[in-house]
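Peer 1: sequence first, predicted model second:
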Amino acid sequence: MTVIFWDVSAGTKYYGEDIGKTVDVYAAAFPDMHRELYELYVLDDQNTVVVELSLNGTHKGPLQFSSGVIEPTGKKIEVPCCDVFKIENGRIKSFHCYSAGTILLGQLGIF
């Protein structure tokens, strides 16, 4: 089974070992990155788990996007996010991350 991670706001899909790349990118940019979980929904009849959360941290390192790099701003972020996990045979088949990219960029002072 091929596992897929779709970073919806970035428009990028990751497969296999590449799934961890986004963790590395955000850990470099936000070394104190942590998540605050708000709600967890389990839809047994659809083999789906939905998590509402926020991504929190301080921008202390370069943030790499496909369009370029945002140098550290020192600003704190609290970005709303919703993750949707599809389960197959007791394992994660896909993970779609819907983070609010425009809020992230606004909090960093990009616009």
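Peer 2: Here it is on my side, so go on. Remember, predicted model here, so these are calculated numbers, not experimental data. Numbers count the residues shown, from 1 in each chain.

Peer 1: report back the residue of the chain that's furthest from centre.
Peer 2: For the chain, the residue at maximal distance from the C-alpha centroid (Cα atoms, centre = their mean) is residue 45, at 25.4 Å.

Peer 1: just say helix, strand or coil for that one.
Peer 2: Assigned with DSSP: H, G, I helix; E, B strand; the rest coil, residue 45 falls in the helix class.

Peer 1: please tell me how far it sits from residue 87.
Peer 2: 12 Å (Cβ to Cβ, to the nearest Å). Backbone N, C-alpha and C define where each C-beta goes, glycine included.

Peer 1: repeat for residue 52
Peer 2: 18 Å.

Peer 1: one more: residue 108?
Peer 2: From residue 108 to residue 87 the distance is 34 Å (Cβ to Cβ).

Peer 1: more neighbours, those two?
Peer 2: For residue 108 versus residue 87, the count of surrounding residues by other Cβ atoms under 10 Å is larger for residue 108: 19 against 16.

Peer 1: residue contacts, that one?
Peer 2: Contact analysis of residue 108 by Cβ atoms under 8 Å, 6 or more residues apart in numbering lists 59, 63, 70, 73, 75, 77.
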